[in-house]
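Asker: following is a predicted model, sequence given first.
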Amino acid sequence: MIHEVARVLIRTENMSKSYKLGDERKEAVRSLDIRIMQGEFVVFEGLKGNQKNAFFNVFGCLERPDAGKYYFDYEDIALAKEDMLDKIRKNKIGYLFRNFNLVNRLTAAENIEVPMHELNISLQEKRNRLVEALKSLDIEQFAGEKVSALSDFNKQLVSLARAIVNNPLMIIADEPAANLNSKEEHRLMEHLSRLNGKGVTIMLYTSKKTVKAFCGYRRISFENGMLSEDKEEYKHSLLRREDLYENCSI
Amino acid sequence: MKTAAFKEAARYFISAAGITTGIFVLIVILTVAEGGRSVLKDSFWRNGVKAYDIELMDKGLASDEYLLREDGRLLEAKMPEVKGSIPVLELPALLKSYKASAAARTLAVNEKYLQYANLEMLEGSFINNQDVRSANRIAVIDSLTALELFGTTDITGQKLDLQVNGKKAEFVVAGVFKNFNRNIETLFDDEIPGMCFIPDSVPEDVSFDFDMEKLIALVDYELHKEEAAVRLGHVLEEEHGVTEMYSINEYEQLPKVSEFTDKYLVFAVITAVIGLISGGIGVMNAMLLSIQERKKEIGLYKFYGSGIKELQYDIVYKTLIICHSSGILGLVSGILAGSFIGDFIGIRTRLTLMSIFLTIAASASVGILSSLYPASRIKLVDVSETIWDE
């Protein structure tokens, strides 16, 4: 699961994205120029509601930018076709949601398998990936349980297992600790840090100060859709930004 | 979870109740109609003859002058294609047993009438050749009349009085038959009189008043319909010195059943169509509701770019299963109800492969049609709207 370091994972050039509110279109982000390296832990701030959703829709490769360029893993997302976006979301990005987005009628294992549907891999490979994801989060014991019967923390772990099952380059986490207590929050952040330590880029949106205080990160703040601050707050991160940018090709 | 699944299944089946009802009504009518057809269709026509009913065009004419009992033998003698004949004499008779009396349509016929009308004997036997020759005073009555007169159908050998215009004669019951026509009609009308048959030689022998209702000629199957009618007419016209006096028609095999079928099949088809349409709309609504309930799940599958086709197939399969199950439920309950009605009116109901095929085809068509719109709605689910919290 260790990816090559010093690789630009995300690059935007004058990128803008709007969203629809009633009959109007509002700007979520405007003229954004940003580079995120693989292995960075980035915390976003200053985006609210639909604005944040529109931002993650683009960064999560669900939608294309309205203007400008957005490159994800050297792929021009503005020009990418729908099936390419599907492929990127399935293979290269993992997602953690505040509300878990699990299918209640399915078991934990079945939920984790969802991103592997229609993937061109053998059943054995699917099984191996599932087992590896379960083991890495130590949740094998409730693999066969319906997720509706699990606690919020365990639901989030299942959600995280689903996010990592295809060995993604990046995990987008939208308020993942919103429904957790401080102990659970701590354990979840430990998992994310561990994944980050293995080279997985983490894009976290959180309003919890305790989460932000947990680990070193790069903080990107927005104000009225414009980038207002891009600051490093590395305290005890395993990877430092200067290390990441060393030997950078772009 | 089990309760939720049960509730969901129950919701689907209630939505599809129209399909069950439609198929039920259709199958009841079809099984009864098919059963009726098979009762009347069987053996007579295998003997290589067709029956022609010969009647006077003007019913007001005296039948004892222009259409006689002996005309049958005349036709047999002059036309080699005529293999037999049945004079049908009608008597306005009242039947009296030792305990009750009943009005019955009394016909004096010969032994061939059993096959002509395809009567099914329940007890005893029909009039035979010997009874006709010897003018035996025997009577054969239908089962409902037997019940009215004796309270049972096991009445072979019992005595029965026939009273015609004040004249009375004693007869012995030789047999009891199932009166299919009357049984069907009594479902809708209680005023249909019973039936009684006596040998055609008896009315003259007892001096009963009678009308020659018709003469039935049994003609070789090979002879063309028009030619047969023309030649039969010629022989009779020549004999009686008249022209254009006779109405000659090929015997309609299934008059009553056809009437019954025509009358109620239209009703059945309309009910079935309304049922199928309303059931289809019901299932479609249930599916749309299910999509609404599973919007988040669908959004998630779409988000991962997978399983959309599976979800669409799932909708189609589920709809097909619901529609087929409802159709089969309608089919089975229709067969059972048809069989119950069949027992009641005294026929053995029949289900053709075509009816089963129609049921399956109708449910499948409704299933596919009502699944297309919900399945197409899956594509319209907004992923962004469903996966993010706000």
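Answerer: That came through fine.
Asker: give me the low-pLDDT residue ranges for the chain?
Answerer: As the question left the chain open, I've gone with chain A. Along chain A, the model assigns pLDDT under 70 to residues A:1-6, A:210-216, A:234-250.
Asker: sorry, I should have been clearer: chain B.
Answerer: In the predicted model of chain B, residues B:1-5, B:36-48, B:59-64, B:180-192, B:252-263, B:306-307, B:346-347, B:389-390 satisfy pLDDT under 70.
Asker: next one: the closest residue to chain A within it from residue B:374, what distance?
Answerer: Closest contact between chain B and chain A, by CB to the nearest CB, is at residue B:305 (2.5 Å). For glycine as for every other residue, the C-beta is placed from the backbone atoms N, C-alpha and C. To residue B:374, residue B:305 is 21 Å away according to CB to CB, to the nearest Å.
Asker: now for residue B:226, how many residues are close by?
Answerer: A total of 9 residues lie near residue B:226 under the criterion other CB atoms under 10 Å in any protein chain shown.
Asker: and if you look at residue B:156?
Answerer: The number of residues packed near residue B:156 is 16, by other CB under 10 Å.
Asker: quick one: secondary structure of it?
Answerer: Assigned by DSSP: H, G, I helix; E, B strand; the rest coil, the conformation of residue B:156 is coil.
Asker: can I assume it is in contact with residue B:123?
Answerer: Yes. With contact defined as CB atoms under 8 Å, residue B:156 counts as touching residue B:123 (5.2 Å).
Asker: what's the overlap in contacts for these two?
Answerer: Counting by CB atoms under 8 Å, 6 or more residues apart in numbering or on different chains, the residues touching both residue B:156 and residue B:123 are B:175, B:176.
Asker: can I get the CA coordinates of the strand or helix carrying residue B:102 in CSV?
Answerer: Residue B:102 belongs to strand B:101-109 when assigned by DSSP states H and E. Provided in CSV are the C-alpha atoms of strand B:101-109 (Å, rounded to 0.1, in the frame of the first residue of the first chain):
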residue,chain,number,x,y,z
SER,B,101,-94.9,-32.0,-10.4
ALA,B,102,-92.7,-29.9,-12.7
ALA,B,103,-93.0,-28.2,-16.1
ALA,B,104,-90.6,-29.7,-18.5
ARG,B,105,-89.8,-29.2,-22.2
THR,B,106,-90.7,-32.6,-23.5
LEU,B,107,-89.3,-33.8,-26.8
ALA,B,108,-90.1,-37.0,-28.5
VAL,B,109,-86.9,-38.2,-30.3
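Asker: give me the contact list for it.
Answerer: B:86-95, B:113, B:127, B:141-142, B:145, B:148-149, B:162, B:164, B:193-203, B:210, B:213.
Asker: contacts only, for residue B:241.
Answerer: Per CB under 8 Å, 6+ apart, neighbours of residue B:241: none.
Asker: phi, psi for it please.
Answerer: phi 60, psi 40 (degrees, to the nearest 10).
Asker: swap in residue A:101?
Answerer: The phi/psi pair for residue A:101 (degrees, to the nearest 10) is phi 50, psi 50.
Asker: residue A:159 reaches residue A:100, doesn't it?
Answerer: Yes. The criterion here is CB under 8 Å, and residue A:159 meets it with residue A:100 at 4.8 Å.
Asker: between those two, which one's more packed in?
Answerer: Neighbours were counted for residue A:159 and for residue A:100 using other CB under 10 Å; residue A:159 has more, 25 against 22.
Asker: what about the residue nearest the centre of chain A, which SS state?
Answerer: Among the residues of chain A, the one closest to the centroid is residue A:172, at 1.3 Å (CA atoms, centre = their mean). The three-state label given to residue A:172 by three-state DSSP is strand.
Asker: how about it: which residues does it bridge to?
Answerer: Residue A:172 forms beta bridges with residue A:95, residue A:203, as assigned by DSSP bridges.
Asker: quick one: contacts for residue B:69?
Answerer: B:87, B:89, B:200, B:204, B:212, B:215.
Asker: and these, which two are furthest apart?
Answerer: B:204 and B:215 (15.5 Å; CB to CB).
Asker: between those two, point out the one with more neighbours.
Answerer: A side-by-side neighbour count of residue B:204 and residue B:215, using other CB under 10 Å, places residue B:215 first with 28 against 13.
Asker: show me what that one is bridged to.
Answerer: Beta-bridge partners recorded for residue B:215 (DSSP bridges): residue B:54, residue B:87.
Asker: how near is it to residue B:112?
Answerer: Using CB to CB, residue B:215 is found at 12 Å from residue B:112.
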